[in-house]
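Engineer: have a look at this prediction, sequence included:
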Amino acid sequence: MITKGQLRIIMGNNIRKTRVERHIARDELAMLLGLSSGLLGLMERGDRGVSALSVLKLADIFDLSTEHFFRHDRSATFDKHTERRKKLYAFTGNFTDGELDLIIEIAINIHRMRDSNRMDNTD
């Protein structure tokens with residue numbers, strides 16, 4: 001099942017891909033949608049959700065079905081840590097991907113240890 005965060009990413013990717021394929025600048029599309037360029041950027045990155053009204057406007061602007069913006073390539077996989085990484089970036093700013101991967105690995109090991117301890121306590 002797809003989470004809300006994953007849906008935001010799917011929709012954002014589809015908006016950006018369509019906009020780029022149609023050679024429309026972000027500022028121009030934002031104006032057509034009645035949004036700021038910054039908000040559209042957040043939507044394209046999956047950091048903000050896309051309203052139903054915006055989906056309807058996008059479909060009209062690009063002459064596509066609303067369904068187009070919800071489509072997900074099932075062969076593509078989500079990094080299961082995408083949401084976690086976004087939260088870490090908010091707190092860690094200048095960490096490298098390697099440092100973030102290490103932090104995530106530590107968190108995963110802590111989680112595994114907790115699960116292991118819970119199993120030991122149920123015996």
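Structural biologist: Ah, there it is.
Engineer: where does the prediction get shaky in the protein?
Structural biologist: For the chain, the stretches flagged by pLDDT under 70 are 73-90, 92-93, 118-123.
Engineer: let's see 80
Structural biologist: Scanning the chain for pLDDT under 80 picks out 1-2, 73-97, 100, 115-123.
Engineer: buried ones in the helix or strand in which Glu99 is found?
Structural biologist: Using DSSP states H and E, the element containing Glu99 is helix 97-122. Counting neighbours by 16 or more other C-beta atoms under 10 Å, one finds that the buried residues in helix 97-122 are Leu100, Ile103. (Glycine included, C-beta is placed from N, CA and C.)
Engineer: over to stretch 24-33?
Structural biologist: Quick answer for stretch 24-33 (16+ other C-beta under 10 Å): Arg26, Leu29, Ala30, Leu33.
Engineer: so which residues make contact with the helix or strand containing Gly5?
Structural biologist: Here Gly5, judged by DSSP H and E, is contained in helix 4-21. Contact with helix 4-21 is made by 2, 26, 29, 40, 43-50, 55, 58, 62, 64, 68-72, 78, 82-83, as judged by C-beta atoms under 8 Å, 6 or more residues apart in numbering.
Engineer: tell me the helices and strands packed up against the next helix or strand after that helix.
Structural biologist: Moving toward the C-terminus from helix 4-21, the next helix or strand (DSSP H and E) is helix 26-33. Judged by 3 or more C-beta pairs under 8 Å, 6 or more residues apart in numbering; DSSP states H and E, helix 26-33 is in contact with helix 37-45, helix 52-62.
Engineer: fine by me, thanks again.
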